[in-house]
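Enquirer: Please find the sequence and the predicted model below.
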Amino acid sequence: MLTVINPASGEAIAELSADTSDGIARAYQRARGAQPAWAATELSHRLACLQRFRDGIVRDTERLAAILTSEVGKPIRQSRNELTGLLGRLDFFLGAAESTLAARTVFDEGGMRERITHVPLGVIANISAWNYPYFVGANVFVPALLAGNAVLYKPSEYATLTGIEIGNLLHGAGVPQDVFQVIVGGGEAGAALLAQPIDGVFFTGSYATGSRIAQAAGPKMIRVQLELGGKDPAYICDDVDVAAAAASLADGAMYNTGQSCCSVERIYVHRRVHDAFVDAFVREVQGFRIGDPTDEQSYIGPLTRVAQLDILEAQVADARAKGARLLAGGRRIDPPGHWFEPTVFSHVDHRMALMREESFGPIIGIQQVADDDEAVRLMNDTEYGLTAGVYTNDAARAERLLAQVNAGSVYWNCCDRVSPRLPWSGVKHSGIGLTLSTYGIETFTRPKAWHLRTP
Ligand code: NAD
């Protein structure tokens, strides 16, 4: 059984029966049987199904947002934002699929023609995270289905009610039951899914689990895509509007209660504006309303996973012991539920876990730097490389700095942003492969090369 807990209250809200290994093997067999017919449908049919899925999201936004808030604790306005933000991603995929998946003739001379077609991978596993289940799920299953794959979708055990809703919506929209199947369960269910002879695994989650997935998938010689964690930095140059940068970065650090893969987790500030920035940042954070995630005014909710409270407490203790200054928060809030105060430290450095390990909560360290070179060195001093941002009024300075930063996405005067038109990827422990953009459609296919000589 899988017990679903409301993180705001700590109460159990549902009991679900988890899939067994045998059940997962049968689901795989059904998917394998159904995939060729799905791939053989016209793309226009698959597009129409996903368009109806979009209609279902629009129709049911309020109900789906309430379910998401009840199981992950996301403040209700942010749950609604996730659903409305999903529409833009769907529109991108629906608009770009046809041209991206079209066969291409790349050479045609003297009776010799060369063509590329896009063949679906087959049956893929989509093992997902809980923090943005609509975003990170749809980044995979939408283009995968459009390209003609069958998808075995295992939502996180912390977002299973949402995963089941996604399945119901897709089936209601015309995607056959066997072509998209929801696998219910935790890590064991994910491992059992990997044990099947799947054609690809598309994973979103932590580095620790991602490296286990890579090891299990290695001998299979299948497509492996891992979207993992981050320790994303931002640097504030000495020429900025400090108040505007502080407002942008406080939101980037604390939105979704700091539980975004691209949350800002480290801030470096040029010494000339350090004190002014810190004051403005703390004021912003103290203005955030913590409370019942079903309340329209709440901005900070509970942490989805209770275990994260221990990690945050340990980072606070470590930072304090090594000389950091606590400027706001710093403690868990008494139960019921899994709550932590929004927390800000200054005078931090890279000996501290707070500046090295993914926090995945409402906590941030701000470090003063002497100049741009020191900022770049510290931004790159990490195991991760998902995103990085620079705040400056000088476009050339931003360009120069961002070119030196080793990250999948870089931002000028913005942060915590994902675009369906751009590839989403990480370097180092932030993962391999990518989603989104036209590359994120192609990745669910293998290019087949045709050498055609006319007799
Ligand atoms: P997690 O690694 O704990 O779990 C992710 C998924 O893996 C879950 O579905 C889980 O049940 C499954 N799993 C666990 N053990 C497994 C095993 N042995 N075999 C197969 N599957 C297994 O991560 P999480 O707590 O769900 O998500 C948080 C992490 O995800 C953070 O590190 C965050 O940065 C990252 N994340 C990254 C992105 C991105 O786009 N790069 C997006 C969202 C979240």
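Expert: Structure's in. What do you need? Numbering: from 1, shown residues only.

Enquirer: What separates the first and last residues of stretch 207-227, distance-wise?
Expert: Terminal residues of stretch 207-227 are spaced 9 Å apart (C-alpha to C-alpha, to the nearest Å).

Enquirer: mean confidence for that stretch?
Expert: The pLDDT scores in stretch 207-227 average 97.

Enquirer: Tell me the buried residues in that stretch?
Expert: Under the neighbour-count criterion of 16 or more other C-beta atoms under 10 Å, stretch 207-227 has 207, 209-210, 212-213, 217, 220, 222-227 buried. Yep, even glycine has a C-beta here, placed from its N, CA and C like the rest.

Enquirer: Count the residues that sit near the residue of the chain found nearest the ligand.
Expert: Closest to the ligand within the chain is Gly190: 2.1 Å, counting by C-beta to the nearest ligand atom. Other residues near Gly190 number 25, with proximity taken as other C-beta atoms under 10 Å.

Enquirer: Okay, and it sits in which element?
Expert: helix 187-194 (DSSP states H and E).

Enquirer: tell me what that helix is packed against?
Expert: Based on contacts counted as 3 or more C-beta pairs under 8 Å, 6 or more residues apart in numbering; DSSP states H and E, the elements that helix 187-194 packs against are helix 21-40, strand 123-127, strand 150-154, helix 207-217.

Enquirer: do that again at 10 Å, thanks
Expert: Packing contacts for helix 187-194, counted by 3 or more C-beta pairs under 10 Å, 6 or more residues apart in numbering; DSSP states H and E, involve helix 21-40, strand 123-127, strand 150-154, strand 200-204, helix 207-217.

Enquirer: Can you name the residues that contact the residue of the chain closest to the ligand?
Expert: By C-beta atoms under 10 Å, 6 or more residues apart in numbering, the contact set of Gly190 is 24, 125, 127-128, 154, 156-157, 183, 201, 203, 205, 209, 212-213, 216.

Enquirer: at 7 Å instead, please
Expert: Taking C-beta atoms under 7 Å, 6 or more residues apart in numbering as the criterion, Gly190 is in contact with Ile127, Lys154.

Enquirer: And for Ile116?
Expert: Applying C-beta under 7 Å, 6+ apart, the residues near Ile116 are Ala103, Arg104, Val106, Pro447, Ala449.

Enquirer: so how far is the first residue of stretch 138-153 from its last?
Expert: End to end - C-alpha to C-alpha - stretch 138-153 spans 10 Å.

Enquirer: and the chain, which of its residues are near the ligand?
Expert: Contact residues, the chain versus the ligand (C-beta under 6 Å from any ligand atom): 127-132, 136, 154, 156-157, 186-187, 190-191, 194, 204-206, 209, 212-213, 227-230, 261, 358, 360, 386, 424, 426, 431.

Enquirer: are any of the residues you listed buried, and which?
Expert: Neighbour counting by 16+ other C-beta under 10 Å classes 127-132, 136, 154, 156-157, 190-191, 194, 204-206, 209, 212-213, 227-230, 261, 358, 360, 386, 424, 426, 431 among the residues of the chain next to the ligand as buried.

Enquirer: Show me where the stretch 101-250 of the chain has its strands.
Expert: Ranges of strands in the stretch 101-250 of the chain, per DSSP state E, counting those that start in this stretch, are 104-109, 112-120, 123-127, 150-154, 180-182, 200-204, 223-227, 232-236.

Enquirer: Which pLDDT value goes with Ala138?
Expert: pLDDT, Ala138: 97.

Enquirer: How about the contacts made by it?
Expert: Ala138 is in contact with Leu86, Arg89, Leu90, counting by C-beta under 7 Å, 6+ apart.

Enquirer: do the same with Leu386
Expert: By C-beta under 7 Å, 6+ apart, Leu386 lies in contact with Gly230, Asp232, Cys261, Cys262, Ala407, Gly408, Ser409, Gly426, Ser430.

Enquirer: surely the first one meets His429?
Expert: Read that as Gly230. No: counting by C-beta atoms under 7 Å, Gly230 sits too far from His429 to count as a contact (8.7 Å).

Enquirer: shared neighbours, these two?
Expert: Joint contacts of Gly230 and His429 (C-beta under 7 Å, 6+ apart) are Tyr384.

Enquirer: What are the phi and psi values at Leu452?
Expert: Dihedral angles of Leu452 (phi, psi; degrees, to the nearest 10) stand at phi -120, psi 110.

Enquirer: residues near it, how many?
Expert: Counted with other C-beta under 10 Å, the neighbours of Leu452 add up to 12.

Enquirer: Skipping adjacent residues, who's closest to it in space?
Expert: Of all residues not flanking Leu452 in the chain, Arg113 sits nearest, at 4.3 Å (C-beta to C-beta, 6 or more residues apart in numbering).

Enquirer: partners of the one you found in the sheet?
Expert: Asp108, Leu452 (DSSP bridges).

Enquirer: who's in contact with it?
Expert: Contacts of Arg113 (C-beta under 7 Å, 6+ apart): Thr105, Phe107, Leu452.

Enquirer: still on that earlier bit, CA-only coordinates of the helix holding Gly190 in CSV, if you can.
Expert: What follows is helix 187-194, C-alpha atoms only, in CSV (Å, rounded to 0.1, in the frame of the first residue of the first chain):
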residue,chain,number,x,y,z
GLY,A,187,11.6,3.3,-5.5
GLU,A,188,10.9,-0.5,-5.7
ALA,A,189,8.3,0.1,-8.4
GLY,A,190,10.8,2.3,-10.3
ALA,A,191,13.5,-0.4,-10.0
ALA,A,192,11.0,-3.1,-11.2
LEU,A,193,10.2,-0.9,-14.2
LEU,A,194,13.9,-0.6,-15.0
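
Enquirer: In the chain, which helix is the longest?
Expert: Ranked by residue count under DSSP state H, the longest helix found in the chain is helix 76-101.

Enquirer: Going by contacts, tell me the helices and strands next to it.
Expert: The contact analysis (3 or more C-beta pairs under 7 Å, 6 or more residues apart in numbering; DSSP states H and E) places helix 76-101 against helix 43-59, helix 61-72, helix 133-146, helix 439-442.
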